[in-house]
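K.L.:
Return a 3D structure for these sequence lines:
(3 chains)
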Amino acid sequence: MALIIFYCMAVLILISAILMVTSRNIFHSALYLAATLFGVAGIFVLLNSYFIAGIQVLIYIGAVVVLSIFVINLTKKITGENIPQFNKQIIPSFIVAAIAVVLIILAVLKTDWFKRISGGTIAAMDNTAIIGKQFLTDFIIPFEVVSVLLLAALIGAIVLVAKDREDEK
Amino acid sequence: MEVGDLNIILLGYLIPFLPLLAFIIIVSMTKKFRLTSAIISISAIFISFLLSLILLYFRLKDTNAHNFIEYNLPWLSLGNFNLNVGILINNLTAIMLIVVTTVSLLVQIYSIGYMHGDDGFSRFFAFISLFSFSMLGIVVSNNLLQLYIFWELVGLCSYLLIGFWYHKPEASDAAKKAFVVTRFGDFGFLLGILILTYNAGTFNFIEIEHYLKAGNMDAGLLTIVILLLFCGAVGKSGQFPLHVWLPDAMEGPTPVSALIHAATMVAAGVFMVARLFDIFSLSSDALKIIAYIGGFTAIFSATIALTQDDIKRVLAYSTLSQLGYMMLALGVSGYTAGMFHLYTHAFFKALLFLCAGSVIHAMHTNNIWEMGGLHKKMPITSITFLIAAFAISGIFPLSGFWSKDEILVNVYESGNKILYYAAVITAFLTAFYMFRLYFVTFTGNLKDEHAHESPAVMTVPLILLALLSIISGFVGIPGTEKSIYNFLYTGEHPHEVAMNLKIAISSNIVALSGILFAFLIYGLKLIKAETMKKITGPFYVISKNKYFIDEIYLFLIRKIFFAITEFVKWFDRHIVDGAVNLVAFLCRWAGAKLRLTINGNVQSYALIIFSGMILIIAVFAIYNPEALRIFGGR
Amino acid sequence: MITLGHYIVLSVLLFGIGVFGILTRRNAIGILMSLELIFNAVNINMVAFSKFLTPDLVYGELFAIFIIAVAAAESVLGLAIILAIYRKKQTVNADEMNIMKY
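P.N.:
Got it, this is the predicted structure:
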């Protein structure tokens, strides 16, 4: 049962991803990205990490994709271009990416993961509480640093996009 | 060392040095003062002459002919290898020193008269002194490197003196020709020296001789080395096939021809073979080749001399012929005979040239057919020329007879019939052409009334040389104990010097018949010269044109040598330069291609980075068997 | 039975697609979106390993949370830069942004 759901999610993810990188219309790309991220959230649920799934949907889809769509709209020309989205390097990139994928998958498949670890099933426990606790005890410094980072990003973005006073005049 | 030895060593270094000093003084200081230059040069050579006499006296006192004195001044020392400025004084050296200094002295005195009024008067004496220094250097050297250095110096002086009147194109061409042709010989000489010293580890004659006598060198290689050394003699002494420069060298002033191209420089080749005779005698094959080359040159040049019209050319071919005789003698191991002939030849040949110079000076032409009947106007020249002509023909009891006879005896005793008959025929031809020259030039009708005898400064050397031509032979009477043979002979076997009457008489008859024949044609004019020309037909043409050898050489150079140089030029231009250009082109091409990777496009950079990463992984995977296990199995 | 291998293969495939997208998309925003795909692939990897190997320790999941946070911050800044470039050059094509070439 879980396997079927897994395959459905996997297919959803991969197809959305492929459609995303090949779509001509950038707006469609953004929507496909959202679909992909939904699929990934589903995978997280399968892995019994509900917290991560939630965060994924909230932040990635809710913030990042939405922001991308904003920027797409801001940078679209009025006539709307549907130019082919592939640049000159499509063939070499395809080959390189394919080789990379094949190599790694070969390595992965040949490894017998379960002689090395005991058990083969996912822990059924949901770790939200433990995550929370870890944030405020062992991982408090990264937690704070990430906050500062987000602040810096915020200020940086505002500075980058602010209009110069002279431009207005 | 005894005091006597020390004196000899001092003399050995001083004798060549004095003319060098004269050269330096003339070149640096007295160029403008003609007579001063001449006096400096002559005094230098005169003192050298006196010193040579003293040295000869010392050597005569020493009854052991095998003794020698050697001395080395160290010059350069590289580990085991030592280069020295050394002298080797033995009896051979003593004789040769006398020859060189005597002829040089007499020629220089003669030149005061001959070169009178010439613009390059001082330059002439400077060069003659330099030449004397170089020649004396060859004579006293004791090692191959020093010999070679002086050898080249002599060649240089020859070039300078042949091309003395450098504004005459024929003269400068002749000088170049002399230099280039002898260069061929010198190249072989150098190769021989290098191989020999590489094997023997030393340049010194005596050490090399010991090395070779100990059997250290393979016989075939030894023959080749000796023949290479002989190449130098072929070039310098005008043996066939490098004889072509000597007739053209007659473009130089006649004193130069007398000194260099008759008596001394061309004798250097013969001297070198004699000096190194202990080495040369180790290979009988090489000696045989030397004998044949010498014999062939003798008869070959004699046939050319029969038809030449230029008085100096006849004498030049005569010199070639006599040098052939000397090489022939050395080739049949008649080492003393060869040297004896060199010694007598120097005197009468120099005399012949100086007489020719006298005639040319008076008649302002070299062509014998424009001369005639000069006996009346120039008696001294005529008589001395006659004496020299008798000497060169080998008529008893002049000097030429004794030396030529000895050569004939040696050739006969070597058992080689061909060479003996060649030598005898050459003797006939020699007598014929010399007397042809005499009769045409000095007898008959007087063509030019203005001819006059030369001044005393020119005729006195002629008379002295004539005297020497008469008496210098008497030191070589076979059978006497104090003869030149015993003086020069350094071999082990007792030397048989009995007189061979059969050969002596037959050679005289042959020479007299040659003289008679010439008298009939040119003296009495009983047989017309034109009929002779018609009878001999094609031989006459070939002989007159020097067997067309110059033309053949020119053809070979044009066809073969220039073809090779054309190829080399093509090779250099297209392949060698092409390789260099190719490198530059590759750099530019690579740069042009690589430039395309820096296109400012970040995605292409990312592609390159990513590909590199994959490449590294792939290389690791292939070359690391551990990693390969991951891809291929457990 | 879903094994760890399944999750890793999925992650690698997603990663490959993301790399392909980065190297070929013309629109700069498209590049950034492909970058998000890569981040997600890594996240799946992290969480899967954490859940399979060390169920009691939550380090993988924590790290995944950090990745999400940092990725968000970075995409914000990237989009801000694209906007700034758009204002100057009136284009978002990555092909035309090549003033770094000399």
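K.L.:
for B:Gly86, helix, strand, or coil?
P.N.:
strand (DSSP: H, G, I helix; E, B strand; the rest coil).
K.L.:
List the residues that contact it.
P.N.:
By C-beta atoms under 8 Å, 6 or more residues apart in numbering or on different chains, the contact set of B:Gly86 is B:Glu70, B:Tyr71, B:Asn72, B:Leu73, B:Ser141, B:Asn142, B:Asn143, B:Gln146, B:Asn204. Yep, even glycine has a C-beta here, placed from its N, CA and C like the rest.
K.L.:
The same query, at a cut-off of 10 Å, please.
P.N.:
B:9, B:12-13, B:70-75, B:140-143, B:146, B:203-205 (C-beta atoms under 10 Å, 6 or more residues apart in numbering or on different chains).
K.L.:
Tell me the pLDDT of it.
P.N.:
In this model, B:Gly86 is scored at 85, pLDDT.
K.L.:
Weed out the non-buried ones from the contacts of B:Gly86.
P.N.:
B:Ile9, B:Gly12, B:Glu70, B:Tyr71, B:Val140, B:Ser141, B:Asn142, B:Asn143, B:Gln146, B:Phe203, B:Asn204, B:Phe205 (16 or more other C-beta atoms under 10 Å in any protein chain shown).
K.L.:
Wait, a strand at the first one?
P.N.:
No. The assignment for B:Ile9, made by three-state DSSP, is helix rather than a strand.
K.L.:
was I right about it contacting B:Ile15?
P.N.:
No. Using C-beta atoms under 10 Å, B:Ile9 is not in contact with B:Ile15; the gap is 11.1 Å.
K.L.:
Mind listing the shared neighbours of the two?
P.N.:
B:Ile87, B:Ile89.
K.L.:
re the thing from before, biggest separation within the buried ones among the contacts of B:Gly86, which pair?
P.N.:
B:Ile9 and B:Phe203 (19.1 Å; C-beta to C-beta).
K.L.:
Next, work out how far apart whichever residue of the stretch 301-450 of chain B sits closest to chain A and A:Ala157 are.
P.N.:
Going by C-beta to the nearest C-beta, chain A is nearest to B:Met327 of the stretch 301-450 of chain B, at 82.3 Å. Distance check for B:Met327 against A:Ala157: by C-beta to C-beta, to the nearest Å, it reads 107 Å.
K.L.:
now do B:Ile9
P.N.:
B:Ile9 is 105 Å from A:Ala157, by C-beta to C-beta.
K.L.:
got it, and B:Arg59?
P.N.:
Here B:Arg59 is placed at a distance of 114 Å from A:Ala157 (C-beta to C-beta).
K.L.:
between the two, which one's more packed in?
P.N.:
For B:Arg59 versus A:Ala157, the count of surrounding residues by other C-beta atoms under 10 Å in any protein chain shown is larger for B:Arg59: 22 against 19.
K.L.:
Pull out the buried residues from stretch B:358-366.
P.N.:
In stretch B:358-366, counting by 16+ other C-beta under 10 Å, buried: B:Ser358, B:Val359, B:Ile360, B:His361, B:Ala362, B:Met363, B:Asn366.
K.L.:
For chain C, what lies in contact range of chain B?
P.N.:
C:19, C:22-26, C:28, C:31, C:94-102 (C-beta under 10 Å from any C-beta of the partner chain).
K.L.:
near chain A, from those residues?
P.N.:
Restricting the residues of chain C next to chain B to those touching chain A (C-beta under 10 Å from any C-beta) yields C:Val19, C:Ile22, C:Leu23, C:Thr24, C:Arg25, C:Arg26, C:Ala28, C:Ala94, C:Asp95.
K.L.:
Can you redo the residues you listed as a markdown table, where the extra columns are pLDDT and secondary structure?
P.N.:
Formatted as a markdown table, those follow (pLDDT from 0 to 100; DSSP: H, G, I helix; E, B strand; the rest coil):
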| residue | pLDDT | secondary structure |
| --- | --- | --- |
| C:Val19 | 93 | helix |
| C:Ile22 | 92 | helix |
| C:Leu23 | 91 | helix |
| C:Thr24 | 89 | helix |
| C:Arg25 | 88 | strand |
| C:Arg26 | 86 | coil |
| C:Ala28 | 88 | helix |
| C:Ala94 | 82 | helix |
| C:Asp95 | 79 | helix |
